[in-house]
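Student: Fold the following and give me the result.
(2 chains)
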Amino acid sequence: DAGVIQSPRHEVTEMGQEVTLRCKPISGHDYLFWYRQTMMRGLELLIYFNNNVPIDDSGMPEDRFSAKMPNASFSTLKIQPSEPRDSAVYFCASSLLGRDQPQHFGDGTRLSIL
Amino acid sequence: EDQVTQSPEALRLQEGESSSLNCSYTVSGLRGLFWYRQDPGKGPEFLFTLYSAGEEKEKERLKATLTKKESFLHITAPKPEDSATYLCAVGVSGGSYIPTFGRGTSLIVHP
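Tutor: Okay, here's the model as predicted:
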């Protein structure tokens, strides 16, 4: 089975530019999650979707961040405008329905804002 | 507020030196406790789910156990390839659906 696929794997851009991260979840999974991981704060949940509908975006740090899931096989996380403090590794994960279901993670996008 | 604490933060072992990692939690209504392994430059990889106190699961040199307050990940005769960060997360009944992650234990196994 194909796992969660994220692109790009690495992104380096200048402050103020728009950044778009992409994710393809595992087919058949009901939930999709976006996380950010830094040394200082560990793994932070940004937003999650259930059946393509955003359920909780309270982890999104600012209005500069937005996420969409136009269909069951694709999601984007956009940062506009980007700032150096947004530099981190961004992970997408998906899971089946159920509080006892594990999340399956992609390999992340390493984002560097100069 | 639900809390998940992992200890130690970092652990260095010699190859073959068995040890345990700890994940303690203060949540009510545990639905599942998850262990993940994360290699540098990779996303967390799912290892185990434990559902109730007394449950144990094994995979190669890893054995996960669960009590009402904590979980242990026992590593028997580790090898250098076991070096990684190990994360635990708990899923609970009610409230937020989202599992709560600990900060992880960074394990280095020296040959």
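Student: in chain B, which helix or strand is least confident?
Tutor: Least confident helix or strand, chain B: strand B:100-101 with a mean of 88, by mean pLDDT, DSSP states H and E.
Student: What's the local residue count around the residue in chain B positioned nearest to chain A?
Tutor: Nearest residue of chain B to chain A: residue B:43, at 3.3 Å (Cβ to the nearest Cβ). (C-beta placed from N, C-alpha, C; glycine too.) As a burial measure, residue B:43 scores 23 neighbours (other Cβ atoms under 10 Å in any protein chain shown).
Student: check contacts around it.
Tutor: Shown in contact with residue B:43 (Cβ atoms under 8 Å, 6 or more residues apart in numbering or on different chains): A:4, A:91, A:93, A:105-108.
Student: what about 6 Å?
Tutor: Residues near residue B:43 by Cβ atoms under 6 Å, 6 or more residues apart in numbering or on different chains: A:91, A:105-108.
Student: Where does chain A get nearest to chain B, residue-wise?
Tutor: The nearest approach of chain A to chain B comes at residue A:105, 3.3 Å away (Cβ to the nearest Cβ).
Student: Run through the residues of chain B sitting next to chain A.
Tutor: B:31-32, B:34, B:42-44, B:46, B:49, B:91, B:98, B:101, B:103 (Cβ under 6 Å from any Cβ of the partner chain).
Student: 10 Å - rerun?
Tutor: B:6, B:29-36, B:38-39, B:41-51, B:87, B:89-104 (Cβ under 10 Å from any Cβ of the partner chain).
Student: who does the least confident helix or strand of chain B pair up with?
Tutor: strand B:84-92 (antiparallel) (DSSP bridges).
Student: Report whether the expected contact of residue B:110 with residue B:82 is present.
Tutor: No - Residue B:110 is beyond contact range of residue B:82, at 11.2 Å (criterion: Cβ atoms under 10 Å).
Student: Work out which residue lies at the spatial centre of chain A.
Tutor: For chain A, residue A:34 is the residue whose C-alpha lies nearest the centre (Cα atoms, centre = their mean; 3.1 Å).
Student: isn't it right next to residue A:57, touching?
Tutor: Yes - Residue A:34 lies in contact with residue A:57 (Cβ under 10 Å); the separation is 9.4 Å.
Student: Could you pull out the buried residues of stretch B:29-49?
Tutor: B:30-38, B:42-49 (16 or more other Cβ atoms under 10 Å in any protein chain shown).
Student: The residue of chain A most remote from its centre: what's it in contact with?
Tutor: Distance from the centre of chain A peaks at residue A:100, with 21.4 Å (Cα atoms, centre = their mean). By Cβ atoms under 10 Å, 6 or more residues apart in numbering or on different chains, the contact list for residue A:100 reads B:30-34, B:49-51, B:91, B:93, B:99.
Student: Need the residues you listed in JSON lines (columns: secondary structure and pLDDT).
Tutor: Putting those into JSON lines (DSSP: H, G, I helix; E, B strand; the rest coil; pLDDT from 0 to 100) gives the following:
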{"residue": "B:30", "secondary structure": "strand", "pLDDT": "81"}
{"residue": "B:31", "secondary structure": "strand", "pLDDT": "81"}
{"residue": "B:32", "secondary structure": "strand", "pLDDT": "87"}
{"residue": "B:33", "secondary structure": "strand", "pLDDT": "91"}
{"residue": "B:34", "secondary structure": "strand", "pLDDT": "92"}
{"residue": "B:49", "secondary structure": "strand", "pLDDT": "92"}
{"residue": "B:50", "secondary structure": "strand", "pLDDT": "93"}
{"residue": "B:51", "secondary structure": "coil", "pLDDT": "88"}
{"residue": "B:91", "secondary structure": "strand", "pLDDT": "81"}
{"residue": "B:93", "secondary structure": "coil", "pLDDT": "66"}
{"residue": "B:99", "secondary structure": "coil", "pLDDT": "82"}
